[in-house]
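Asks: Can you look at this prediction? I've put the sequence above it.
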Number of protein chains: 2
Amino acid sequence: MRMTETNRQFRLAARPVGLPRRSDWQFTTEPIPGPAEGEVLVRTLYLSLDPAMRGWMNEGKSYIPPVELGAVMRAGGAGRVVASRHPGFAVGDTVTGSLGVQDYACLPGKHLTRVETRLARLPVFLGTLGMPGMTAYFGLLEVGRPTPGDTVVVSGAAGAVGGVVGQIAKLKGCRVVGIAGGGDKCRYVVDELGFDAAIDYKAEDVKVALRRACPKGIDVYFDNVGGDTLDDALANLARHARIVICGAISQYNNTTPVQGPRNYLSLLVNRARMEGMVVFDYADRYGEAVRDLARWMAEGKLQSREHVVEGFESFPEALLTLFSGGNLGKLVLKVAEE
Amino acid sequence: MRMTETNRQFRLAARPVGLPRRSDWQFTTEPIPGPAEGEVLVRTLYLSLDPAMRGWMNEGKSYIPPVELGAVMRAGGAGRVVASRHPGFAVGDTVTGSLGVQDYACLPGKHLTRVETRLARLPVFLGTLGMPGMTAYFGLLEVGRPTPGDTVVVSGAAGAVGGVVGQIAKLKGCRVVGIAGGGDKCRYVVDELGFDAAIDYKAEDVKVALRRACPKGIDVYFDNVGGDTLDDALANLARHARIVICGAISQYNNTTPVQGPRNYLSLLVNRARMEGMVVFDYADRYGEAVRDLARWMAEGKLQSREHVVEGFESFPEALLTLFSGGNLGKLVLKVAEE
């Protein structure tokens, strides 16, 4: 692995209005930092590109502080230790952590997780065995609480979280319907991930399609998108349904107020609940999830797919792929060769 | 008690658009029916006027079938048995049940509940010891699940449900803030019902007032009104807050779509849940609630207030009092002298 001479970075330059533009970041270079006592220097190999990153660019209270103007853009990543002053890490270890959009990150060892690449390829630790997988696992099982025979619907079904949600629901004995944009994604979730059915929101009336695909109503709806799709799901709930609010990608680039779910009184009619979740709350149980997910992968019961885009400098455009629906599986930016 | 010669009734004549009008019902008279085997003939003394009645007038799936056009308008009521062919009821018994907007109701005995007027005045069995009280009790305790020290906010605080919700929350050791319309109602919930604070939504910015009244955020929000007030509560949630969706009186007479809660992503940020409830689900536990509520009343810990309007024929106008905010406490139509 060749060390670049400098540390390239994307720093937040402006708070975006609507879709982020390249000019919302400043491209900078600075010397590669050296680790202080307790710190580890990591060469970034892959960066995780996630819808949540759009929210981190906004001002205001959320589940995590916003990225400050001038700071390196926050991003999860996977990399290799190139220098260590922490006893838990040695040069050559592969790790994940909040590396930021930069070639090299210097972080306290306690903020890094060592990953075993004999379990899976490195980018998988940003997807199925990373935050998206943790989100799917705890969001579905702890908040959605499916029981065998339940009808589970997931939006963003071809995405990093949605694909895992649906596959876990199948493993738990549920009937699973995915909502995704376009024929390719719909075929992917049915043919490759094993969903029972898929609805193409770009081609179908989702409300009508849900009624047909879920004749007994929806028991668990795992929502990644918000907007009209959430309303269409609300219109098709079964009694005592659970809605997991994981995200609302349709609303993240709004320049108008968020679209509230007009059908929310379906919660009353159906004695249903809608509950938000943030994966960090389950941090002390990630090991349990990784164990289950890795075993299912090893047994061939859980498919993991990454959509890898190459080239550090294409970060702004790569991130936008999420909002144009261009990715199939976990979107990852490859920064350097392993 | 004098028997009227005929049975006066209000029958549903049209499905209202917006606020109901007198012409949405037909005033009819018919002979007083005689009970068949297993039935009981009840003289209506008081009718319960509830916001939910507006929803029953609409077509479409809900938690209860709509009132059919031409049918007697559905209403809970309290009355006296004047003839019985059911072994559980004797002439002179006081009962509650779904009597309908009519002078006399002939119902199967199993659909009636005998009430003990030594426990409380008869109209109280339509309020604090009736459906509104049951709704408050189970909605707050089973769905809201307050713990001592929690901040509980209730909208429609001077109404039949809201007033009981706040008082139970106080009994459970919570800090209680009511939202109501007008100074009289706000003084009532603080001075008579013992709430810690009240917010006058007609005179104050509710979002700002909630921030001031709930410095640690809202742990339980019991919503009877929907609309902007729900959004203002969502903007002030504490972590792991619970929102009980009991009703949405601000939306019942809409001629435009229901206003969805634009701040629903606060559920995600705060890991909060919003859950609907329908009191009928707790029917097999009403006895437990009546026991607790009646004991608290007897001990002077729970105040019950009824807003009694006289005169059967004023039913349409009396019902509208609910939507103009004219009632303080449980709205009851007195149909005949006890």
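Replies: Thanks, I have it.

Asks: Only C-alpha atoms from now on, for both contacts and neighbour counts.
Replies: Fine.

Asks: Give me the average confidence score over stretch A:42-58.
Replies: Regarding stretch A:42-58, the rounded mean pLDDT is 96.

Asks: Over to stretch A:124-139?
Replies: The average pLDDT within stretch A:124-139 is 97.

Asks: Compute the first-to-last residue distance for it.
Replies: Distance between the boundary residues of stretch A:124-139 (Cα to Cα, to the nearest Å) amounts to 19 Å.

Asks: what residues does that stretch touch?
Replies: Taking contacts as Cα atoms under 8 Å, 6 or more residues apart in numbering or on different chains, the residues outside stretch A:124-139 that touch it are A:47-48, A:76-78, A:96, A:115, A:160-162, A:164-165, A:168, A:222, A:244, A:246, A:277-279, A:282, A:286, A:289-290, A:293-294, A:304-306, A:330, A:332.

Asks: near chain B, which residues of the stretch 51-200 of chain A?
Replies: On the criterion Cα under 8 Å from any Cα of the partner chain, chain B has as its neighbours in the stretch 51-200 of chain A the residues A:62-63.

Asks: And the strands in the stretch 51-200 of chain A?
Replies: Remark: strands of the stretch 51-200 of chain A, listed N- to C-terminal, are A:77-84, A:94-97, A:104-108, A:112-114, A:151-155, A:175-180, A:197-200; assignment by DSSP state E, counting those that start in this stretch.

Asks: Can I get the fifth one as CSV, trimmed to CA atoms?
Replies: It refers to strand A:151-155. The C-alpha trace of strand A:151-155 is given here as CSV (Å, rounded to 0.1, in the frame of the first residue of the first chain):
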residue,chain,number,x,y,z
THR,A,151,-46.7,-9.6,6.5
VAL,A,152,-43.6,-7.3,6.5
VAL,A,153,-43.3,-4.4,4.1
VAL,A,154,-40.0,-2.5,3.6
SER,A,155,-39.4,0.6,1.5
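
Asks: So which elements touch that strand?
Replies: Strand A:151-155 is packed against helix A:160-171, strand A:175-180, strand A:218-223, with contacts defined by 3 or more Cα pairs under 8 Å, 6 or more residues apart in numbering or on different chains; DSSP states H and E.

Asks: contacting residues for the residue of the stretch 1-150 of chain A found nearest chain B?
Replies: Among the residues of the stretch 1-150 of chain A, residue A:63 lies nearest to chain B; the distance is 4.8 Å by Cα to the nearest Cα. For residue A:63, the contacting residues are A:278, B:268-270, taking Cα under 8 Å, 6+ apart as the criterion.

Asks: one more time with 6 Å
Replies: Neighbouring residues of residue A:63 by Cα atoms under 6 Å, 6 or more residues apart in numbering or on different chains: residue B:269.

Asks: and of the helices and strands packed on strand A:151-155, who's closest to residue B:23?
Replies: strand A:218-223 (39.3 Å; Cα to Cα).

Asks: Parallel or antiparallel, which strands does that closest one pair with?
Replies: Based on DSSP bridges, the pairing partners of strand A:218-223 within the sheet are strand A:151-155 (parallel), strand A:237-245 (parallel).

Asks: Show me the contact partners of it.
Replies: Applying Cα under 6 Å, 6+ apart, the external contacts of strand A:218-223 come out as A:144, A:150-155, A:237-238, A:241-246.

Asks: What of stretch A:94-113?
Replies: Counting contacts by Cα under 6 Å, 6+ apart, the residues touching stretch A:94-113 from outside are A:7-10, A:35, A:38-44, A:73-80, A:86, A:114-115.

Asks: hmm, which of the contacts of stretch A:124-139 are the buried ones?
Replies: Burial by neighbour count, judged by 16 or more other Cα atoms under 10 Å in any protein chain shown, picks out A:47-48, A:76-78, A:96, A:115, A:160-162, A:164-165, A:168, A:222, A:244, A:246, A:277-279, A:282, A:286, A:289-290, A:293-294, A:304-306, A:330, A:332 from the contacts of stretch A:124-139.

Asks: how about low-confidence regions in chain A?
Replies: Counting by pLDDT under 70, chain A contains low-confidence ranges at A:1-4.

Asks: how about 90 then?
Replies: Chain A contains residues with pLDDT under 90 at A:1-5, A:60-63, A:118-119, A:255-257, A:338.

Asks: got the domain boundaries for it?
Replies: As given by automatic domain parsing, the domain ranges for chain A are A:6-127+A:305-334, A:131-280.

Asks: before we move on, back to that, looking at the strands paired with strand A:218-223, which one is packed in the most?
Replies: Here the criterion is mean neighbour count by mean count of other Cα atoms under 10 Å in any protein chain shown, and of the strands paired with strand A:218-223 the winner is strand A:151-155, at a mean of 29.

Asks: How many residues are close by residue A:105?
Replies: Residue A:105 has 26 neighbours, counted by other Cα atoms under 10 Å in any protein chain shown.

Asks: Can you pull up the most central residue in chain A?
Replies: With distances taken as Cα atoms, centre = their mean, the residue of chain A nearest its centroid is residue A:132 (4.0 Å).

Asks: mind checking the backbone torsions on the residue of chain A most remote from its centre?
Replies: Computed with Cα atoms, centre = their mean, the residue of chain A farthest from its C-alpha average is residue A:37, at 32.3 Å. Residue A:37 adopts backbone torsions of phi -60, psi 130, taken as degrees, to the nearest 10.

Asks: Distance-wise, check the closest residue to it other than its chain neighbours relative to residue A:323.
Replies: The spatially closest residue to residue A:37, leaving aside those adjacent along the chain, is residue A:85, at 5.3 Å (Cα to Cα, 6 or more residues apart in numbering or on different chains). Relative to residue A:323, residue A:85 is positioned 39 Å away (criterion: Cα to Cα).

Asks: go on, residue A:143?
Replies: 26 Å.

Asks: and those two? which has more neighbours close in?
Replies: Counted by other Cα under 10 Å, residue A:143 and residue A:323 do not tie: residue A:143 has more neighbours, with 21 against 17.

Asks: Who are the contact partners of the more buried one?
Replies: Shown in contact with residue A:143 (Cα under 6 Å, 6+ apart): no residues.

Asks: does residue A:26 count as helix, strand or coil?
Replies: Using DSSP: H, G, I helix; E, B strand; the rest coil, the secondary structure recorded for residue A:26 is strand.

Asks: Could you find the closest non-adjacent residue to it?
Replies: The shortest distance from residue A:26 to any residue that is not its chain neighbour, by Cα to Cα, 6+ apart, is 5.1 Å, and that residue is residue A:11.

Asks: Equivalent analysis for residue A:95, please.
Replies: residue A:114 (4.3 Å).

Asks: Can I get stretch A:94-105 in PDB, CA atoms only?
Replies: Output in PDB follows, covering the C-alpha atoms of stretch A:94-105 (Å, rounded to 0.1, in the frame of the first residue of the first chain):
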ATOM      1  CA  THR A  94      -8.300  -3.700   9.300                       C
ATOM      2  CA  VAL A  95     -10.700  -1.400  11.100                       C
ATOM      3  CA  THR A  96     -14.000   0.500  10.700                       C
ATOM      4  CA  GLY A  97     -15.000   3.800  12.300                       C
ATOM      5  CA  SER A  98     -16.000   7.300  11.700                       C
ATOM      6  CA  LEU A  99     -13.000   8.100   9.500                       C
ATOM      7  CA  GLY A 100     -14.500  11.100   7.700                       C
ATOM      8  CA  VAL A 101     -14.100  11.900   4.000                       C
ATOM      9  CA  GLN A 102     -10.300  11.900   3.900                       C
ATOM     10  CA  ASP A 103      -7.400   9.700   3.000                       C
ATOM     11  CA  TYR A 104      -6.100   9.300   6.600                       C
ATOM     12  CA  ALA A 105      -7.900   9.500   9.900                       C
END
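
Asks: so how far is that stretch off the chain centroid?
Replies: 17 Å (Cα atoms, centre = their mean, to the nearest Å).

Asks: And for stretch A:253-273?
Replies: Centroid separation for stretch A:253-273 versus its chain: 22 Å, with Cα atoms, centre = their mean.

Asks: just to revisit the earlier point, what's around the residue nearest to residue A:37, how many residues?
Replies: When counting by other Cα under 10 Å, one arrives at 18 neighbours for residue A:85.
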